[in-house]
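Undergrad: need a structure here:
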Amino acid sequence: MRQRSVNGIAYDCDVLVIGGGIIGLSTAYAITRAAPDTRVTVLEKERGPARHQTGRNSGVIHSGIYYRPGSLKARYAVRGAAEMVEFCAEYGIAHAVTGKLIVATDRDELPRLHALVQRGRENGIPVRELGPAQIAEYEPEVRGLAAIHVGTTGICDFVGVARQLAEASGAEIRYGAEVVRIDRRAALGVAVRLEDGGVVRARVLVNCAGLHCDEIARLAGDEPGMRIVPFRGEYYSLARPELVHGLVYPVPDPAFPFLGVHLTRGTDGDVHIGPNAVPALAREGYGWGVVRPRELGATLAWPGSWRIARRHWRYGAGELRRSVSKAAFAVAVRRLLPAVSEDDLLPAAAGVRAQAVLRDGTLVDDFLIREGARTVHVLNAPSPAATASLLIGREVGR
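TA: Numbering: from 1, shown residues only. Next up is the predicted model:
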């Protein structure tokens, strides 16, 4: 690594990004595009990019229909979806603009479905309302009382996007580089010690550490005012993918930030079903057998965790039941797709969502980016962060 001396201090880079997921790599890409002479280094503790949230989601380019008009999520998703499609087309990354159905299967859901139509129109998203017969035109095996078709939703290979960002950024990407200590001096910059004993010095630190972003913020001496509470999303693959032509979603519950079990035909032709949302027993707890006592203890010690449990215990109980019972999961799927049996559900890789939770138990709904002295912290970047990653990268890198 070539050092540059400024005022007698030898810096290894100008900007040091922690985290090699799609947000960290988009940030590096944005900085080097805007200022080609800026030296950027990305530190990623895994042996390759996009090993966690980026590489374990459903691969959907979200339209922005769910998000409160005027919020960062709404603005970034609408613009980000179009930009992500252009990026994939430019670099030959697998993608398709498929559209999706949001389907009401119960009369109680109809007012919420209508509210989504209004929200979509406020966000400038083309929405078509459908009756039962029109649902069958898109998805012959799907049943519902009513639905809306959202034309701008798509799918893509987000891991491929992350790899292209790493290659095109011109940044130095260091894999297997786990951060264990940060010395931040407001007048000078940051020095980051790695697990292997190496030290990287930079003028500015950008924290895009996802599941570990709150820990990195605290290592840097900034109190983030939130904690990451990890929620695992479990998926199945559909043994008969011909039952689903595209993307099919239930009407979401606005009291909870998860979209519910949905059906997604990916760029590879496989149909994924899920995710549910259950507490993970580790930041990277991709199964019930993965338990890290220190991380679990930190989650339990955060007052907001207990407030979430009290507030949402009924919803959580249903999610836990679907986690431990394939039969219960199949029942949830059959609300949308009656032809599905338990035998049609094949276990698939799970993901973990890095959900920011405030001390009072509030689940942070929008993107959360905070600045400190010589630091920028991305503290909440859930879906549609991958969709909006190019825009988020530019915002963080400004």
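
Undergrad: Distance check, residue 86 against residue 28.
TA: 19 Å (CB to CB, to the nearest Å). Where C-beta positions appear, they are placed from N, C-alpha and C, glycine not excepted.

Undergrad: more crowded one of the two?
TA: A direct count of neighbours by other CB atoms under 10 Å for residue 86 and residue 28 places residue 28 higher, at 32 against 12.

Undergrad: ok, the closest residue to the more buried one other than its chain neighbours - contacts?
TA: Leaving aside its sequence neighbours, residue 28 sits nearest to residue 171 (CB to CB, 6 or more residues apart in numbering; 4.0 Å). Residues in contact with residue 171 (CB atoms under 8 Å, 6 or more residues apart in numbering) are 17, 28-29, 31-32, 40-42.

Undergrad: Please repeat the previous calculation with a cut-off of 7 Å.
TA: For residue 171, the contact set (CB atoms under 7 Å, 6 or more residues apart in numbering) comprises 28, 32, 40-42.

Undergrad: Now tabulate these in TSV and tack on pLDDT, secondary structure and distance to residue 246.
TA: Conversion of the contacts of residue 171 to TSV gives the following (pLDDT from 0 to 100; DSSP: H, G, I helix; E, B strand; the rest coil; distance: CB to CB, whole Å):
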residue	pLDDT	secondary structure	distance to residue 246
28	97	helix	33
32	96	helix	36
40	97	strand	38
41	98	strand	40
42	98	strand	35
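
Undergrad: possible to save those as JSON lines with distance to residue 233?
TA: Listed next are the contacts of residue 171 as JSON lines, based on distance: CB to CB, whole Å:
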{"residue": "28", "distance to residue 233": "27"}
{"residue": "32", "distance to residue 233": "32"}
{"residue": "40", "distance to residue 233": "31"}
{"residue": "41", "distance to residue 233": "31"}
{"residue": "42", "distance to residue 233": "26"}
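
Undergrad: Report the buried members of those.
TA: Among the contacts of residue 171, the ones that count as buried by 16 or more other CB atoms under 10 Å are 28, 32, 40-42.

Undergrad: List just the nearest of these to residue 124.
TA: residue 28 (30.1 Å; CB to CB).

Undergrad: Residue 42 is in contact with that closest one, correct?
TA: Yes: contact between residue 28 and residue 42 holds when scored by CB atoms under 7 Å: they sit 5.2 Å apart.

Undergrad: neighbouring contacts of stretch 294-304?
TA: Contacts for stretch 294-304 (CB under 7 Å, 6+ apart): 227, 229, 281-283, 305, 357-361.

Undergrad: okay, that stretch in PDB with CA atoms only?
TA: Below are the C-alpha coordinates for stretch 294-304, written out as PDB (Å, rounded to 0.1, in the frame of the first residue of the first chain):
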ATOM      1  CA  ARG A 294     -21.500 -12.100  23.500                       C
ATOM      2  CA  GLU A 295     -23.600 -10.900  20.600                       C
ATOM      3  CA  LEU A 296     -26.800 -12.400  22.100                       C
ATOM      4  CA  GLY A 297     -26.000 -10.800  25.500                       C
ATOM      5  CA  ALA A 298     -25.600  -7.400  23.800                       C
ATOM      6  CA  THR A 299     -29.000  -7.800  22.100                       C
ATOM      7  CA  LEU A 300     -30.700  -8.800  25.400                       C
ATOM      8  CA  ALA A 301     -29.000  -6.000  27.300                       C
ATOM      9  CA  TRP A 302     -30.400  -3.300  24.900                       C
ATOM     10  CA  PRO A 303     -33.700  -2.000  26.400                       C
ATOM     11  CA  GLY A 304     -35.200  -1.600  22.900                       C
END
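
Undergrad: Now do the buried residues in that stretch.
TA: For stretch 294-304, by 16+ other CB under 10 Å, it's 295-296, 298-299, 302, 304.

Undergrad: Now go through these and say which are in helices.
TA: In this view, the buried residues of stretch 294-304 that belong to helices under DSSP state H are 295-296, 298-299, 304.

Undergrad: In JSON lines, list these along with distance to residue 277 and pLDDT.
TA: Shown next, in JSON lines, are these (distance: CB to CB, whole Å; pLDDT from 0 to 100):
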{"residue": "295", "distance to residue 277": "18", "pLDDT": "96"}
{"residue": "296", "distance to residue 277": "17", "pLDDT": "96"}
{"residue": "298", "distance to residue 277": "20", "pLDDT": "95"}
{"residue": "299", "distance to residue 277": "15", "pLDDT": "95"}
{"residue": "304", "distance to residue 277": "16", "pLDDT": "95"}
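
Undergrad: hmm, back to that, need the residues touching each of residue 28 and residue 42.
TA: Common neighbours of residue 28 and residue 42 (CB under 7 Å, 6+ apart) are 17, 171.

Undergrad: need the next SSE after the helix or strand residue 119 falls within, C-terminal direction.
TA: According to DSSP states H and E, residue 119 maps onto helix 110-122. Once the chain leaves helix 110-122, the next helix or strand it forms, by DSSP H and E, is strand 127-130.

Undergrad: Pull the residues that contact that next one.
TA: In contact with strand 127-130 (CB under 7 Å, 6+ apart) are residues 65, 117, 120-121, 146-150.

Undergrad: likewise stretch 251-269?
TA: 58-60, 66, 94-96, 102, 104, 109, 112-113, 155-157, 241, 244-250, 271-274, 276-277, 312, 315, 332-333, 336-337, 363, 365.

Undergrad: Lovely, talk soon.
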